[in-house]
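**Student:** What follows is a predicted structure for the sequence shown.
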Amino acid sequence: MATAVVHRHEPHGGDEAEAAAQALRQVKHYLSEHADDDAVRARVEAEPDAELLLPRGAVELLATVLAHMAAGRAVAVVPAHAELTTQQAADLLNVSRPYLIGLLQSGEIEYRSVGKHRRIKAESLLAYRRGDDRARREAADELTALNQEMGLL
């Protein structure tokens, strides 16, 4: 399997975030008004007679991307079956490459070796991130409960 091309977009300021927020409102409104549609029709402004027929799933993914852009966060699109280099994987987790390699060596994230290089399936990386996020939420909930029991909140 070939190494994936990671499409990453860094935010470019408030104007872009505002444009993303406005587009997100429009996309969410359309999706809610057409909840039963499997596809979305989009008009191309530069060519009024041109119309695109987009799969609903693609438009829902676009809404997720717009939400992150509106919040000023970088966005990366990676096919689920893709294999990532250690640097790409570290960038997606927002950790250093040495820290990621430690996670790989400890068995936290599944990977395979190609010669002397490591390749990480995007699915494995995302599964790790979901588990890590879940563990963090549970720890925060436990701390909140303890604070409430102690009368600190």
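**Tutor:** Cool, the structure landed. Numbering: from 1, shown residues only.
**Student:** What lies in contact with stretch 66-86?
**Tutor:** With contacts defined as CB atoms under 8 Å, 6 or more residues apart in numbering, stretch 66-86 is touched by 1-4, 6-11, 16-18, 20-21, 23-24, 27, 65, 88, 91-92, 97, 100-101, 104, 112, 117-123, 125-126. Heads up, the C-betas are built off the backbone N, CA and C, glycines and all.
**Student:** from these, which would you call buried?
**Tutor:** Buried members of these, scored by 16 or more other CB atoms under 10 Å, are 4, 6, 11, 17, 20, 23-24, 27, 65, 88, 91-92, 100-101, 104, 118-122, 125.
**Student:** partner strands of the lengthiest strand in the chain, parallel or antiparallel?
**Tutor:** As assigned by DSSP state E, the longest strand anywhere in the chain is strand 47-55. The strands beside strand 47-55 in its sheet (DSSP bridges) come out as strand 39-44 (antiparallel).
**Student:** Return the mean pLDDT over the partner strand, rounded to an integer.
**Tutor:** Strand 39-44 comes out with an average pLDDT of 87.
**Student:** Distance from the helix or strand of the chain at the bottom of the mean pLDDT ranking to the middle of the chain?
**Tutor:** Every helix and strand of the chain was ranked by mean pLDDT, DSSP states H and E. The lowest is strand 7-9, at a mean of 77. Computed by CA atoms, centre = their mean, to the nearest Å, the chain-centroid distance of strand 7-9 equals 11 Å.
**Student:** Fine by me, we can end here.
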